[in-house]
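# Pasted the sequence and its predicted model underneath.
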Amino acid sequence: MTEKAKKIILYTVSLALAAVLLYFAFRGIDWKDFWITLGKCNWWWIIGGMIAAWLAIWLRGMRWQLLFVPLNKDVKTVECYDSYSIGYMVNMALPRAGEIAKCGIMALTKKVTFEASLGTMVVERACDVIVILVSFIIMAFFTRFGGFLVDRIWKPALAGHATGLWIVLGILVFCIALYIVCRINRKWLLEHSKFYQKVHKFWMGLVDGLKTVGTMKHKRAFILDTLLIWVCYWFMSWAIIKAMPGMESLNIMDALFLSLVGTIGWAVPVQGGFGAYHFIVSQTLLPIYGIPLETGLIFATLNHESEIIVMLIAGIFSLVNVYLITPAMRKREPATL
């Protein structure tokens, strides 16, 4: 099977999954009430949430740039921001492909390699996972949402992925054993195997990117950027709550809880979280707050689609900047002696 055929199959399956989840999320909805409620929303709060969504992308670019400083201090924040924006837009077409696209765009600058960019991306994702896990643990043990998180999210996740966890563990053990064997025979493999030479080059570039978490000079700024990114997501959820009629009883801690639940919807491998986000968030609002399904779906739709619009606009502008404006500016630069 060709790579093109694999991509088409992956895209089709992902799109079908999104369609199924959207169907289950919106089935039985009274569309007349849906549109009436939507028309009563405060759009100024929604615009505020969209500004926070864009700020989160910019902060991600700033944070990523800090990781590149040990590799090449000439990497600019705007280059990292453009890569992120384009990557988010690619994710809407093909789930998870955006991560590769971000690193590819950075490699176009010729300031860092693709492999090193990928290593820094792993560091970034690890930091985000840590923030999410810590937040969930705090919510589970120190708030009234603990029962819901444990019974509706944690236990089903463990039950549904028990086999998958054993598979991952088996792959991990195999990779460690393979690494040990290759390490012992490293000199011979480098001299006689071109395939190993390519793998070794890729691995060393990846390690260079991973090392930046230790060699980074501005660790406090990195931590601050990370916290501010998630504060932006928190504010987005709070802004949509404030914009929505029928959700006046929810407070800022509820906004944090819903933003964390929403991350699960974004993590499902479908285009841009479509369907998964709507289903998970609306099904959370009903049992915990008693908020009608129609209202919950409007909240999820506004929260999700407003962020999607921001990603699309940012991605389009970044594409123009990377492929049109920046190359044109480089041509105009006077040659140096």
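Everything's here; your move.
# T301: how many residues sit nearby?
Neighbouring residues of T301 were enumerated by other CB atoms under 10 Å; the total is 19. (C-beta placed from N, C-alpha, C; glycine too.)
# try the one 10 residues further on
Counted by other CB under 10 Å, the residues lying close to M311 total 23.
# Same question for the one 10 residues further on.
A count of neighbours around N321, defined by other CB under 10 Å, yields 18.
# which non-adjacent residue is nearest it?
D82 (5.6 Å; CB to CB, 6 or more residues apart in numbering).
# Any idea how many residues pack against that neighbour?
What D82 shows, counting by other CB under 10 Å, is a neighbour count of 28.
# That one reaches V322, doesn't it?
Yes: with contact defined as CB atoms under 8 Å, D82 and V322 form a contacting pair (5.2 Å).
# Least confident secondary structure element in the chain?
helix 3-26 (a mean of 52; mean pLDDT, DSSP states H and E).
# hmm, back to that, shared neighbours of D82 and V322, which are they?
Taking CB atoms under 8 Å, 6 or more residues apart in numbering as the contact rule, the neighbours common to D82 and V322 are I105.
# separation between E305 and W64?
Here the distance between E305 and W64 works out to 26 Å (CB to CB, to the nearest Å).
# quick revisit: got a list of what the residue nearest to N321 touches?
D82 makes contact with G61, I105, S318, N321, V322, according to CB under 8 Å, 6+ apart.
# Which pLDDT value does the model give the fourth one?
N321 carries a pLDDT value of 87.
# Repeat that for the third one.
Model confidence at S318, given as pLDDT, is 90.
# now the helices for the stretch 101-250 of the chain?
Listed in chain order, the helices of the stretch 101-250 of the chain (DSSP state H, counting those that start in this stretch) span residues 114-142, 146-148, 155-160, 162-184, 186-192, 194-215, 219-243.
# Now distance to W44 and mean neighbour count too, for the ones you listed, in TSV please.
Below are the helices of the stretch 101-250 of the chain laid out as TSV (distance: least, CB to CB, whole Å; neighbours: other CB atoms under 10 Å):
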stretch	distance to W44	mean neighbour count
helix 114-142	28	17
helix 146-148	31	15
helix 155-160	37	10
helix 162-184	44	10
helix 186-192	61	11
helix 194-215	40	15
helix 219-243	8	19
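# N72 against A107, yeah?
No: at 11.9 Å, N72 and A107 do not qualify as touching, with contact defined as CB under 8 Å.
# Tell me the one of the contacts of D82 nearest H218?
For the contacts of D82, the closest approach to H218 (CB to CB) belongs to G61, at 14.4 Å.
# who has more neighbours, N72 and A107?
Just comparing N72 and A107: by other CB under 10 Å the higher neighbour count belongs to A107, 17 against 13.
# who's more crowded, E305 and W64?
A side-by-side neighbour count of E305 and W64, using other CB under 10 Å, places W64 first with 25 against 15.
# pretty sure the more buried one is in contact with S85, am I right?
No: at 11.7 Å, W64 does not count as touching S85 under the criterion of CB under 8 Å.
# Now stretch 249-264: buried residues?
Of the residues in stretch 249-264, L250, D254, A255, L256, F257, L258, S259, L260, V261, G262, T263, I264 count as buried by neighbour count, 16 or more other CB atoms under 10 Å.
# do stretch 54-74 as well
Result for stretch 54-74 [16+ other CB under 10 Å]: buried residues 54-68, 70-71.
# Next step: those restricted to helices.
Within these, membership in helices is found for 54-68, as judged by DSSP state H.
# Could you pull up the contacting residues of L286?
P292, L293, G296.
# Now do the last one against V281, distance only.
In other words, G296. 7 Å.
# Adding distance to G98, write the helices of the stretch 101-250 of the chain out as TSV.
Listed next are those as TSV, based on distance: least, CB to CB, whole Å:
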stretch	distance to G98
helix 114-142	10
helix 146-148	30
helix 155-160	24
helix 162-184	22
helix 186-192	33
helix 194-215	17
helix 219-243	16
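# how about JSON lines for those, with distance to A97 and mean pLDDT added?
JSON lines is the format used below for those (distance: least, CB to CB, whole Å; pLDDT from 0 to 100):
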{"stretch": "helix 114-142", "distance to A97": "13", "mean pLDDT": "84"}
{"stretch": "helix 146-148", "distance to A97": "33", "mean pLDDT": "67"}
{"stretch": "helix 155-160", "distance to A97": "25", "mean pLDDT": "56"}
{"stretch": "helix 162-184", "distance to A97": "21", "mean pLDDT": "69"}
{"stretch": "helix 186-192", "distance to A97": "31", "mean pLDDT": "73"}
{"stretch": "helix 194-215", "distance to A97": "18", "mean pLDDT": "68"}
{"stretch": "helix 219-243", "distance to A97": "22", "mean pLDDT": "91"}
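# Tell me the buried residues in stretch 285-292?
L285, I288, I291, P292.
# ok, back up a step: any idea of the mean pLDDT in the helix or strand hosting the residue nearest to N321?
D82 is part of helix 77-93, with elements assigned from DSSP states H and E. Here helix 77-93 scores 87 as its mean pLDDT.
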